[in-house]
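Asks: Provide a 3D model corresponding to the input given below.
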Amino acid sequence: MKVVIVGGVAGGATAAARIRRLDETAEIVVFERSGYISYANCGLPYYIGGVIQDPEALTLQTPESFFARFRVAMKVRHEVTAIHPERKTVSVKNLSTGEEFEESYDKLLLSPGAKPTQPRLPGIGLDRVFTLRTVEDTFRIKEYVDAHRPKSAVLAGGGFISLELAENLRKLGMEVTIVQRPKHLMNPFDGDMAALIHSEMRRHGVQLALGHTVEGFEERDGGVDVLLQGEPPLHGDMVVLAIGVTPDSALARDASLELGLKGSIVVNDRMETSAPDIYAVGDAVQVKHFVTGQDALISLAGPANKQGRIAADNICGGESRYTGSQGSSVIQVFRMTAAVTGLNETNAKKAGLAVGKVILSPMNHAGYYPGGTVMTMKVVFEQGTYRLLGAQIVGYGGVDKRIDVLATAIRAGMKATELKDLDLAYAPPYSSAKDPVNMAGFMIENIEQGILRQWHLEDVETLPRDGSVTLLDVRTAQEFAVGHLDGFVNLPVDELRERLEELDRSKPVYVICQSGLRSYIACRILNGHGFTCYNFAGGFRFYDAVANDRCLTQSATPCGMDN
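Replies: Presented below is the predicted three-dimensional model:
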């Protein structure tokens with residue numbers, strides 16, 4: 001059996017190694033148009049910033065080492081220019097010599113990945129306008145930074161690569177601005193949770209120009225003007241385009257393979273394309289979202305590697321199936337960690353689901369143990385069924401651990417209420433006896449049982465201020481004086497039982513505290529005395545972070561709290 005693989009990075013390299021482990025006699029040829037194989041895309045920004053200092057550390061294997069171990073012919077600087085399914089060959093061009101030839105195959109695996117999205121804008125080809133996707137891109141940026149010592153950079157786009165690059169350029173002492181059309185960074189997160197990421201970025205000196213449309217680029221004063229629709233231009237010594245990626249599916253299109261979302265390659269759960277004996281994996285393929293079952297594009301290294309393994313199994317006569325992607329991911333944002341899995345609230349609603357949510361702010365480990373920090377968790381579930389849909393966490397410690405637990409729970413088909421039953425490891429330096437994941441489960445169970453009624457951020461502006469409801473802040477007088485929501489009166493929770501007669505039992509009570517815990521206790525007291533009570537999800541800390549971020553995004557000036 002002869003297997004030809006197009007693309008030698010995540011999916012392609014994984015498939016090649018797996019095929020060899022399953023079939024010692026197969027002839028395996030990999031064509032990679034760049035000069036590198038099996039390189040770590042996710043590490044590229046950290047080389048630019050000097051965190052990773054050895055460029056060889058970016059490449060997990062070389063063509064020579066891969067051949068030595070697996071006897072796979074890794075042909076770099078070779079571009080496959082056409083597929084001929086009818087005669088089972090591919091056309092190949094040697095980019096170093098210009099030679100062109102055809103290579104036959106019994107099985108063909110496409111792993112071309114995705115290419116940086118480059119809109120057709122004036123100035124897109126300027127020397128100081130870069131993209132960051134390959135090792136060559138990385139070296140180009142690194143060489144420019146080392147040679148010219150730029151003092152400022154504008155990054156167009158607010159995804160993973162952009163945020164990681166922003167952090168690394170700031171560590172080099174550069175002024176950094178991120179500009180993009182959406183009004184919040186990191187699309188996998190809801191806007192309210194992204195506000196916490198925005199705060200960390202601003203705290204470390206990154207300027208955010210959100211909600212602005214880039215219209216082009218012009219050279220000026222030895223740098224580049226980023227032209228904005230209806231706004232003055234942004235100027236930087238260099239510009240990096242990081243506005244997303246597009247499936248690199250031209251080969252599949254020209255070979256008349258079936259295409260899907262944004263031109264991606266359609267595959268079944270065996271990673272087979274619409275053409276016999278042709279498989280495809282990685283960022284170029286359309287997959288099913290594990291939670292919704294709907295078609296999706298999810299460009300992450302983990303799914304690409306799994307798909308490569310599954311395709312290899314099936315090429316070798318196995319019966320492996322890809323069950324879908326759920327988008328589990330994590331990112332370091334300066335001192336902070338942000339992670340997500342499954343559906344966020346926005347996308348769950350777009351999918352037509354009835355969405356419930358809880359927002360909580362637990363400590364990453366036992367409060368009495370030194371060094372604890374607060375994380376903010378948002379867990380999304382389906383109303384009625386309590387099916388666990390997704391989660392987002394932003395904090396400083398223990399975030400990755402909790403998101404992985406929640407990702408596993410989603411994969412296992414657990415209900416959100418069953419999170420309370422998970423038997424998770426506990427010691428004071430690592431967790432609490434009631435882990436944050438358990439706490440989310442307790443809260444959702446309380447909702448299911450009618451013990452907890454909530455009101456949310458989106459309800460703040462529509463709450464009646466005409467006296468028909470009671471608006472109650474149960475924090476201390478000192479906390480209340482620092483900032484509070486308009487129309488709320490202060491009655492500390494520890495004084496509540498003695499002052500119940502100050503409240504009208506005929507009116508619903510909407511309660512808020514700093515994190516949501518004291519207000520929940522207040523609601524239980526009030527419910528026990530005949531009141532109907534609603535607890536604010538997330539607490540005043542969460543409200544203030546989101547409201548201040550929205551104000552800054554709209555005005556770019558300091559914003560104060562309600563008082």
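
Asks: what's the neighbour count on G98?
Replies: By the measure other C-beta atoms under 10 Å, the count of residues near G98 is 7. From N, CA and C alone the C-beta is placed, and that goes for glycine too.

Asks: roughly how far does it sit from V460?
Replies: 65 Å (C-beta to C-beta, to the nearest Å).

Asks: all helices for the protein, in order.
Replies: For the chain, the helices defined by DSSP state H occupy 10-22, 44-48, 63-70, 135-148, 160-171, 191-203, 250-254, 301-315, 345-350, 399-411, 436-448, 477-482, 517-528, 539-555.

Asks: do you know which of those lies nearest G211?
Replies: G211 sits nearest to helix 539-555 of all the helices of the chain, at 6.5 Å, using C-beta to C-beta.

Asks: against which helices or strands is that closest one packed?
Replies: helix 191-203, strand 207-210, strand 509-512 (3 or more C-beta pairs under 8 Å, 6 or more residues apart in numbering; DSSP states H and E).

Asks: hmm, who's touching the longest one?
Replies: Going back to what we said before, that points to helix 191-203. Contacts with helix 191-203, where a contact means C-beta atoms under 8 Å, 6 or more residues apart in numbering, come from 163, 166, 178, 183-186, 189, 208, 210, 333-336, 338, 344, 346, 376, 378, 392, 394, 457, 538, 542, 545-546, 548-550, 552-553.

Asks: from what I can see V358 touches A537, true?
Replies: Yes: V358 is in contact with A537 according to C-beta atoms under 8 Å; the separation is 6.4 Å.

Asks: which non-adjacent residue is nearest the residue positioned nearest the centre of the chain?
Replies: Nearest residue to the geometric centre of the chain (C-alpha atoms, centre = their mean): P188, 4.6 Å. Nearest non-adjacent residue to P188, counting by C-beta to C-beta, 6 or more residues apart in numbering: V340, 4.6 Å away.

Asks: surely that neighbour touches Q326?
Replies: No: V340 is beyond contact range of Q326, at 9.6 Å (criterion: C-beta under 8 Å).

Asks: more neighbours, those two?
Replies: Higher neighbour count among V340 and Q326: V340, with 27 against 23, using other C-beta under 10 Å.

Asks: tell me the contacts of that one?
Replies: For V340, the contact set (C-beta under 8 Å, 6+ apart) comprises 188-189, 327-330, 390-393, 403.

Asks: now swap in P119 and tell me
Replies: Going by C-beta under 8 Å, 6+ apart, P119 touches 214, 243.

Asks: list residues touching both of V340 and Q326?
Replies: Common neighbours of V340 and Q326, counting by C-beta under 8 Å, 6+ apart, are G390.

Asks: related to what we said a few turns ago, filter the contacts of helix 191-203 to the buried ones?
Replies: Buried subset of the contacts of helix 191-203 (neighbour count, 16 or more other C-beta atoms under 10 Å): 163, 166, 178, 183-186, 189, 208, 210, 333-334, 336, 338, 344, 346, 376, 378, 392, 394, 457, 538, 542, 545-546, 548-550, 552-553.

Asks: can you list the strands that the helix or strand bottoming out on mean pLDDT in the chain pairs with?
Replies: Lowest mean confidence among the helices and strands of the chain (mean pLDDT, DSSP states H and E): strand 114-116, at a mean of 84. Here strand 114-116 has these sheet partners by DSSP bridges: strand 245-247 (antiparallel).

Asks: tell me the pLDDT at G125?
Replies: What the model reports as pLDDT for G125 is 87.

Asks: if I look at it, how far off is R69?
Replies: According to C-beta to C-beta, G125 and R69 sit 40 Å apart.

Asks: now do G317
Replies: Counting by C-beta to C-beta, the gap from G317 to R69 is 23 Å.

Asks: next, the buried residues of stretch 496-511.
Replies: Buried, per 16+ other C-beta under 10 Å, within stretch 496-511: 496, 503, 508-511.

Asks: also stretch 247-256?
Replies: With burial defined by 16+ other C-beta under 10 Å, the residues of stretch 247-256 counted as buried are 247-249, 251-252, 255.

Asks: and the end-to-end length of that stretch?
Replies: Separation of the first and last residues of stretch 247-256 by C-alpha to C-alpha, to the nearest Å is 16 Å.

Asks: how far is that stretch from where the chain is centred?
Replies: Mean C-alpha position of stretch 247-256 versus that of the full chain (C-alpha atoms, centre = their mean, to the nearest Å) differs by 27 Å.

Asks: what do you get for stretch 372-384?
Replies: Put simply, stretch 372-384 sits 16 Å off its chain's centre (C-alpha atoms, centre = their mean).

Asks: and stretch 102-119, by the same measure?
Replies: Taking C-alpha atoms, centre = their mean, the mean C-alpha location of stretch 102-119 is offset from the chain mean by 25 Å.

Asks: start to end distance for it?
Replies: End-to-end for stretch 102-119, by C-alpha to C-alpha: 33 Å.

Asks: any of the contacts of V340 buried? List them.
Replies: Neighbour-count burial (16+ other C-beta under 10 Å) applied to the contacts of V340 gives 188-189, 327-329, 390-393, 403.

Asks: TSV please, covering the buried residues of stretch 496-511 and showing pLDDT and distance to A433.
Replies: Output for these, formatted as TSV (pLDDT from 0 to 100; distance: C-beta to C-beta, whole Å):
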residue	pLDDT	distance to A433
L496	97	27
L503	96	34
P508	98	34
V509	98	31
Y510	98	31
V511	98	26
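
Asks: and which of the residues you listed is nearest to Y430?
Replies: Distances from Y430 to the buried residues of stretch 496-511, taken as C-beta to C-beta, are shortest for V511 (32.2 Å).

Asks: tell me the contacts of the residue lying closest to the closest one once chain neighbours are set aside?
Replies: Ranked by C-beta to C-beta, 6+ apart and with sequence neighbours excluded, the top spatial neighbour of V511 is S519, at 4.2 Å. By C-beta under 8 Å, 6+ apart, the contact set of S519 is 474, 493, 511-513, 535-536, 539.

Asks: one more time with 7 Å, if that's ok
Replies: Contact partners of S519, counting by C-beta atoms under 7 Å, 6 or more residues apart in numbering, are 474, 511-513, 535-536.

Asks: got the confidence number for it?
Replies: Predicted confidence (pLDDT) for S519: 97.

Asks: now do the contacts for the nearest residue to R140 once chain neighbours are set aside.
Replies: Of all residues not flanking R140 in the chain, F130 sits nearest, at 6.5 Å (C-beta to C-beta, 6+ apart). Neighbouring residues of F130 by C-beta under 7 Å, 6+ apart: 137, 140-141, 238-240.

Asks: ok, those residues vs A15, which is closest?
Replies: Taking C-beta to C-beta as the measure, A15 lies nearest D137 of the contacts of F130, at 23.9 Å.

Asks: before we move on, back to that, for G50, state which of the buried residues of stretch 247-256 is nearest.
Replies: Taking C-beta to C-beta as the measure, D248 is the one of the buried residues of stretch 247-256 closest to G50, at 29.8 Å.

Asks: quick check, pLDDT for the closest one.
Replies: pLDDT at D248 comes out at 93.

Asks: ok, it - contacts?
Replies: Contacts of D248 (C-beta under 7 Å, 6+ apart): 112-115, 284.

Asks: how about the residues you listed in CSV, adding distance to S34 and neighbour count?
Replies: Converted to CSV, the contacts of D248 look like this (distance: C-beta to C-beta, whole Å; neighbours: other C-beta atoms under 10 Å):
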residue, distance to S34, neighbour count
P112, 11, 26
G113, 10, 24
A114, 14, 21
K115, 12, 17
A284, 15, 30
